[in-house]
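[1] Okay, predicted coordinates and the sequence, questions at the end:
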Amino acid sequence: MSDHDSHRIAEIHEDLHSHLPPEPALRVKALESLLVEKGMLDPATVDAWIELFTEEIGPKRGAAVVARAWTDPDYKARLLADGTAAITELGFEGWAGGHLKVVENTPDTHNLIVCTLCSCYPHSVLGIPPNWYKTAAYRARAVRDPRGVMAEFGEAVPEDVAITVWDSTAELRYMVLPQRPAGTEGWDEAALAALVTRNAMIGTARDLTPGPGGPD
């Protein structure tokens with residue numbers, strides 16, 4: 001049985017917090033620096049986890065799911081019926097993906113995802129949420145004025161396109177299946193996935209039309 005010095009742990013805890021500034025971002029950075037200084041945290045591990053969730057887990061996983069749905073009608077049907085089971089088929093089950101509902105954009109419907117209470121988010125397919133998704137301004141205005149929010153992201157949603165706002169919770173999280181853009185007939189999944197953005201899967205982007213020249 002390992003020794004447990006509660007007084008020493010309390011001293012370390014008090015010492016750490018005595019050095020922390022009030023701003024949350026600065027507090028996190030200061031806490032990380034102090035933990036590294038005391039040999040309790042390896043900065044390379046922190047960097048590796050951030051890189052994993054930013055570059056590998058998401059949003060590339062979500063883009064792969066979308067590309068599969070665009071090219072495989074049977075998979076698309078399963079994805080819309082049971083998002084969790086469908087992403088599990090691709091090996092993407094994991095953190096905050098256990099109760100996933102996928103909603104599809106159509107020519108006359110656009111979907112926008114928000115979490116009005118905090119920042120619930122399907123990390124297993126979209127990775128780390130962007131900072132704006134967690135702000136009080138986005139959480140409030142996405143519900144009250146979704147068309148205005150879309151305009152601020154550079155998307156002018158036509159008036160004849162209805163916008164449906166989905167409110168994520170700890171029990172149910174959402175992901176948007178964007179429309180497949182015209183001009184991508186015959187593209188393989190890798191090329192299609194490269195078109196899909198994180199914002200399109202949250203719903204703050206709609207138009208994924210590729211540039212001239214086709215896939216690389």
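    Done, it's in.
[2] my guess is residue 90 contacts residue 69, does it?
    No - in this structure, residue 90 is not within contact of residue 69 by CB atoms under 8 Å, at 10.6 Å. Backbone N, C-alpha and C define where each C-beta goes, glycine included.
[3] Would you mind telling me which of the two has the busier surroundings?
    Taking other CB atoms under 10 Å, residue 90 and residue 69 do not tie; residue 69 has more neighbours (23 against 14).
[4] What pLDDT is listed against the more buried one?
    Listed pLDDT for residue 69 reads 98.
[5] What separation do you get for the closest residue to it other than its chain neighbours and residue 154?
    Spatially, and ignoring its direct neighbours in sequence, residue 69 is nearest to residue 76 (4.0 Å; CB to CB, 6 or more residues apart in numbering). Per CB to CB, to the nearest Å, residue 76 is found 27 Å from residue 154.
[6] Looking at the two, which one has more neighbours?
    For residue 76 versus residue 154, the count of surrounding residues by other CB under 10 Å is larger for residue 76: 20 against 11.
[7] Pull the contacting residues for the residue nearest the centre of the chain.
    Residue closest to the mean C-alpha point of the chain, counted by CA atoms, centre = their mean, is residue 126 at 3.5 Å. Residue 126 is in contact with 58-59, 61-62, 175, 198, 201-202, counting by CB atoms under 8 Å, 6 or more residues apart in numbering.
[8] Show which residues not belonging to whichever strand or helix holds the residue nearest to residue 69 make contact with it.
    Taking DSSP states H and E as the criterion, residue 76 maps to helix 73-81. For helix 73-81, contacts defined as CB under 8 Å, 6+ apart pick out 65, 68-70, 85-87, 89, 102-104, 177.
[9] Go through it and flag the buried ones.
    Using 16 or more other CB atoms under 10 Å as the test for burial, helix 73-81 gives 75-76, 78-79.
[10] With stretch 84-96 instead?
    Per 16+ other CB under 10 Å, stretch 84-96 contains these buried residues: 84, 86-88, 92, 96.
[11] Same check on stretch 167-180?
    In stretch 167-180, counting by 16+ other CB under 10 Å, buried: 168, 173-180.
[12] Sort out for me which of these are in strands.
    Judged by DSSP state E, the subset of those located in strands is 173-177.
[13] Thanks again, I'm all set now.
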